[in-house]
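Visitor: Show me how the following folds:
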Amino acid sequence: MSDPHPSRPGARADKRNLFERLIEFVSPGPDSKAELMRTLADAEDRELIEPESRQMLEGVLRMADLTAGDVMVAAPRMDLLDIDADYEALLGLVITTAHSRFPVYAGQRENVIGILMAKDLLKLQRAPSLNLRTLLRPAVFVPESKRLNELLRDFRSNRNHLAIVIDEFGNTAGLITIEDVLEEIVGEIEDEFDEGEAEHGIYTLADGSHRVAGDVSIEAVNRFFGSALPEAEFDTIGGLIAQEWGRVPRRGEVVPFGGLRFTVMLTRGGAVRWFRVERLPPGTAEDDGAA
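Guide: Numbering: from 1, shown residues only. The predicted structure follows:
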């Protein structure tokens, strides 16, 4: 005997009542990324989601529009190891920079031949006759135009943590790590080498330079460095440097200003998150002369 009320796939798919469907008709969901951002902000205001959750969701949305070239460490700022360097020189650089992985080059910095894990240097210490080339792992190369969401998927599937970024001509443009990608979602990831938050958001690094947050006040920077950067138009050092540069500088770019050298360490959300700041020697050609 046939079923007098045969089930229809469409009849069971929508279990919303008439009121819920009417509400959706009157107030449709977001139809653009900007509108979705505003919806998330509204959800936070109504305490439907936590602020951290909103920031992560917005990070995921922004990441889809970013490429490897947007967040990479530019080639001039890369820490590389020379395949022909002796053990002490290699060890010194590893200790100074405290990275876990290093691109290794032969001859010229452009010629990256592999990746060395810092922990593998211990094998050289125990067996000095060991050829460094045997410890190298294959280098992964990605174009500047590689989308971050695609790169994250590749990092996860290939169990790789670092890639060399190349430009349209095949030259080395920089490097990018899985941490760089994840920080676009969750914010800066501090590690055991990072100190606690310094007063005014200014850190003193091991090499004598300083890490300065982009939202630090210009007054605090002037007080710390003994500089006289203009405080009239902007409140933060990030805003002042963006004005001086003509745009928000990208990661790895260097802006000399007021007797200081500002190197962008990290950008996020269209603003500089961290600068590396060094004092310029008096009379340096880089200095624009601002007092």
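Visitor: What is the burial count for Ile241?
Guide: Summarising burial for Ile241: neighbours were counted as other CB atoms under 10 Å, giving 24. Just so you know, the C-beta spots here come from the backbone N, C-alpha and C atoms, and that holds for glycine as well.
Visitor: outside of the one helix or strand it maps to, which residues touch it?
Guide: For Ile241, the element it lies in under DSSP states H and E is helix 237-245. Residues outside helix 237-245 that contact it (CB atoms under 8 Å, 6 or more residues apart in numbering): 212, 214-218, 221, 229-230, 233-234, 248-249, 253, 255, 257, 262, 271-272, 275.
Visitor: Could you tell me which of those residues are located in strands?
Guide: Secondary structure assignment by DSSP state E places Val212, Val255, Phe257, Phe262, Ala271, Val272, Phe275 of the contacts of helix 237-245 in strands.
Visitor: Let's have the residues you listed in TSV, adding distance to Pro76, pLDDT and neighbour count.
Guide: As requested, the ones in strands among the contacts of helix 237-245 are exported to TSV (distance: CB to CB, whole Å; pLDDT from 0 to 100; neighbours: other CB atoms under 10 Å):
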residue	distance to Pro76	pLDDT	neighbour count
Val212	20	90	26
Val255	14	92	19
Phe257	18	91	20
Phe262	15	94	26
Ala271	22	81	13
Val272	18	87	28
Phe275	16	91	28
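Visitor: any idea how far the strand or helix carrying Glu52 is from the chain center?
Guide: For Glu52, the enclosing helix or strand under DSSP H and E is helix 51-63. Relative to its parent chain, helix 51-63 has a centroid offset of 15 Å by CA atoms, centre = their mean, to the nearest Å.
Visitor: Mind listing what's buried along it?
Guide: Of the residues in helix 51-63, Arg54, Gln55, Leu57, Glu58, Gly59, Arg62, Met63 count as buried by neighbour count, 16 or more other CB atoms under 10 Å.
Visitor: distance of the second one from Ile49?
Guide: Put plainly, it is Gln55. For Gln55, the distance to Ile49 under the criterion CB to CB, to the nearest Å works out to 10 Å.
Visitor: On the strand side of things, show who the nearest residue in space to Arg279 that is not next to it in sequence bridges to.
Guide: Closest residue in space to Arg279, ignoring its immediate chain neighbours: Leu260 at 6.1 Å, by CB to CB, 6 or more residues apart in numbering. Under the criterion DSSP bridges, Leu260 forms beta bridges with Phe257, Arg279.
Visitor: what about Leu260, how many neighbours?
Guide: Counted with other CB under 10 Å, the neighbours of Leu260 add up to 23.
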